[in-house]
Every structure is written in C-alpha cells, then in structure tokens.
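> Predicted coordinates and the sequence they were generated for:
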Amino acid sequence: MPYKGNVSKNSTITAELSCSSSNSGSALLFITSSDGNGDSKAVAPGGADSVSITPTESGILNVIVDFGSNTDSGVLTVKENGSNIPGSTENIQGDLRWSYSVN
C-alpha cells in the first residue's frame, strides 16, 4: 500500500483510470476516506472513467483499483482540485491501493 502524499480537507480528490483495451474484463475503481465517504465505478477494457470525493475530516484517503486479472493494466491519475498530485500518475498493472494523508 504505497503512501503517495498529503491532500487537504475539503478539497475535491479525483481518481481517473484509463484501462488497456486488451484487459480481460472491467476494472473496479474506488476512492474512500476516513470520514465514511466514497465513490466507485466499473471501467471497461479500453475505457476511462473517474471517481471523486471531498474528505471533510483528517485521516486516510485510499484509491483502490481491482482488475479482473493481475496482467490487466492501465493508467491511474489522482488529482486535487483539478491539478495532478505530484507522483500520482502511473502506468499500473494488477490490483493496487494508494494511500494519502488528509490534513
């Protein structure tokens, strides 16, 4: 569970996933925070979508991608108030969880 940095309370955090067209099936994209908020979407092979939340309390924010297969891949980007968070755009393969501190 890589720690990716800090985000601010009451800012809009968006996770965007673009899936490879050769993936075995849809991926599930989740975003959750310690205050109980969350959002999720299924992203089809070759497709792209995003999820967003606005954390209202200090704690942990998680971005989770659950692919159908460990060989499935895509590009994941996390943004705060529309701006890319440094180090939070990567080519990914297989399931993952990125964590952020909410301050």
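Nice, thanks for sending it over. The structure presented is a predicted model; accordingly, all values stated were derived computationally and were not measured.

> Provide the secondary structure category for the residue sitting furthest away from the middle of the chain.
No residue in the chain sits farther from the centre than Ser22, which is 20.3 Å out by CA atoms, centre = their mean. The three-state label given to Ser22 by DSSP: H, G, I helix; E, B strand; the rest coil is coil.

> if I look at it, how far off is Ala15?
22 Å (CB to CB, to the nearest Å). Placement of C-beta: from N, CA and C, glycine included.

> before we move on, back to that, check contacts around the residue farthest from the centre of the chain.
With contact set as CB atoms under 8 Å, 6 or more residues apart in numbering, Ser22 has these partners: Pro45.

> and with 10 Å instead?
By CB atoms under 10 Å, 6 or more residues apart in numbering, the contact list for Ser22 reads Pro45, Gly46, Thr71, Asp72, Ser73.

> can you give me phi and psi for the second one?
Gly46 adopts backbone torsions of phi 80, psi 0, taken as degrees, to the nearest 10.

> Show the pLDDT at it.
pLDDT recorded at Gly46 is 98.

> i'd like the first residue to be 7 from this point on
Sure, I'll start numbering at 7, so the last one becomes Gly52.

> The contacts of Ser28 into TSV, with extra columns for distance to Lys15, secondary structure and neighbour count?
As requested, the contacts of Ser28 are arranged in TSV below (distance: CB to CB, whole Å; DSSP: H, G, I helix; E, B strand; the rest coil; neighbours: other CB atoms under 10 Å):
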residue	distance to Lys15	secondary structure	neighbour count
Pro51	36	coil	16
Gly52	36	coil	12
Thr77	37	coil	12
Asp78	33	coil	22
Ser79	33	strand	17
